[in-house]
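A.B. asks: fold the following.
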Amino acid sequence: PAYSFLHGPLPAAGFLLAVVAWALLTLQDGVLTGLRSAVWVPVGNTAFSLVKLVLLVVLAGTVPVAGVFVSWAVAIAVSVVPLGWLVLRRLVPRHERETRATARPPTLRELGRFLAGDCTGALFSLAVVYLVPVIVAAQVSPADNAYFYVTITIGGTVNLLAVNMGASLTVEGAHDPARLGRNTRAALLRMARIMVPVCAVLFLGAPYILGVFGAEYAGAATGLLRWYAVGALLRVVTEVYFSVERARSRTSGLAWLQGVFCVVMLGLTLLLLPRAGLVGAGVAEVAGLAVVALVAAVRLVPVVRAAPEGAAPTGGGGR
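C.D. replies: Predicted coordinates:
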């Protein structure tokens with residue numbers, strides 16, 4: 001009954017258009033990053049968020065039932081339309097001019113091979129993101145589920161730092177393969193400089209961060225948030241490795257690793273949650289990430305040690 005405002009052909013068509021627009025909004029961030037213009041990503045996201053909040057307040061009294069949906073749908077256009085114009089009329093032509101001499105578009109076979117591995121791996125990752133909360137909700141009380149949801153939201157936000165920095169490494173690695181080793185070393189250092197302090201604050205300040213939501217949250221989920229802080233550090237290694245392999249168009253191995261993580265994570269969550277409570281979900285994530293990070297670290301060693309093509313060997317390693 002809460003979704004009755006979507007009944008009928010006209011509201012249904014509007015809903016479908018909103019879904020398509022949301023897909024464009026999601027793709028837009030990747031396009032801007034791929035065109036080496038990621039500076040526009042926060043601009044678009046900020047515009048979307050501000051307009052959504054303003055409309056939510058304005059529509060709360062006049063359209064109380066459909067107000068949330070309408071505020072999101074209209075706000076999408078504020079970001080997608082102007083940035084879409086920027087991409088198609090400015091950034092893409094500039095990119096074509098700058099890369100005309102060196103760019104080689106992939107063949108359909110190369111594109112298909114890349115997407116087969118990357119999309120399969122993405123499905124495993126999405127399974128973890130969306131199935132773990134379902135598993136938790138099915139096995140714990142509503143109160144514990146609330147503690148879990150807030151905690152995983154905080155942990156997931158920190159994980160996005162590593163994911164987004166890794167996307168930039170993929171773009172630069174594909175743009176200039178000869179500098180992949182140097183860029184990988186730089187990415188590891190920069191990600192460590194950001195993620196280590198953030199994860200330290202998350203680990204040490206877990207009871208205070210969760211205490212903002214109430215003493216019950218701090219008492220029930222401090223341990224869980226600390227496990228997520230450890231997992232966020234491991235993601236530095238895994239995301240750098242994933243980014244390097246995407247830059248090399250080697251995605252089949254990524255699908256296998258993401259599949260292993262999915263199986264370990266979901267299996268241990270089912271096993272540990274009834275026995276260890278919410279902390280069991282954190283232990284499951286760290287265990288799965290530890291397996292993947294170990295493999296990733298071993299495979300990253302030759303990449304990190306590689307010198308740029310044409311560079312003279314040095315005794316002290318790359319700078």
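
A.B. asks: make it CA atoms for all contacts and neighbour counts henceforth
C.D. replies: Fine.

A.B. asks: can you show me the helices along this structure?
C.D. replies: Assigned by DSSP state H, the chain shows helices spanning 9-34, 40-62, 67-86, 92-99, 108-139, 142-175, 180-204, 206-211, 215-247, 252-276, 278-305.

A.B. asks: give me the neighbour count for Ala297.
C.D. replies: 14 (other Cα atoms under 10 Å).

A.B. asks: for it, give me its contacts.
C.D. replies: Residues in contact with Ala297 (Cα atoms under 8 Å, 6 or more residues apart in numbering) are Val237, Thr238, Tyr241.

A.B. asks: pretty sure the last one contacts Pro302?
C.D. replies: No. Contact between Tyr241 and Pro302 fails when scored by Cα atoms under 8 Å: they sit 11.5 Å apart.

A.B. asks: hey, least reliable of the helices of the chain by pLDDT?
C.D. replies: Ranked by mean pLDDT, those end with helix 40-62 in last place, scoring a mean of 81.

A.B. asks: one step back: more neighbours, Tyr241 and Pro302?
C.D. replies: Under the neighbour definition other Cα under 10 Å, Tyr241 and Pro302 were set side by side, and Tyr241 has more, 27 against 11.

A.B. asks: ok, now which ones touch the more buried one?
C.D. replies: Listed by Cα under 8 Å, 6+ apart, the contact partners of Tyr241 are Ala296, Ala297, Arg299, Leu300.

A.B. asks: and for Val92?
C.D. replies: Listed by Cα under 8 Å, 6+ apart, the contact set of Val92 reads Leu35.

A.B. asks: quick check: it vs Glu98, distance?
C.D. replies: Here the distance between Val92 and Glu98 works out to 10 Å (Cα to Cα, to the nearest Å).

A.B. asks: what do you get for Gly277?
C.D. replies: According to Cα to Cα, Gly277 and Glu98 sit 55 Å apart.

A.B. asks: out of those two, which sits in the more crowded spot?
C.D. replies: With neighbours defined as other Cα under 10 Å, Gly277 and Glu98 compare such that Gly277 has more, 18 against 11.

A.B. asks: sorry, back to before: for Asn45, state which of the contacts of Ala297 is nearest.
C.D. replies: Comparing the contacts of Ala297 against Asn45 with Cα to Cα picks out Thr238 as the nearest, at 26.0 Å.

A.B. asks: my guess is that closest one contacts Ala293. True?
C.D. replies: Yes. Shown here, Thr238 and Ala293 form a contact pair, counting by Cα under 8 Å, at 5.2 Å.

A.B. asks: give me the more crowded residue out of these two.
C.D. replies: The residue with more neighbours, out of Thr238 and Ala293, is Thr238; 28 against 24, by other Cα under 10 Å.

A.B. asks: next up, the contacts around the more buried one.
C.D. replies: For Thr238, the contacting residues are Leu289, Val292, Ala293, Ala296, Ala297, by Cα under 8 Å, 6+ apart.

A.B. asks: for Arg246, which non-adjacent residue is closest in space?
C.D. replies: Distance criterion Cα to Cα, 6 or more residues apart in numbering; nearest residue to Arg246, sequence neighbours excluded, is Thr170 at 6.2 Å.

A.B. asks: surely the one you found and Arg250 touch.
C.D. replies: No. Thr170 is beyond contact range of Arg250, at 11.6 Å (criterion: Cα under 8 Å).
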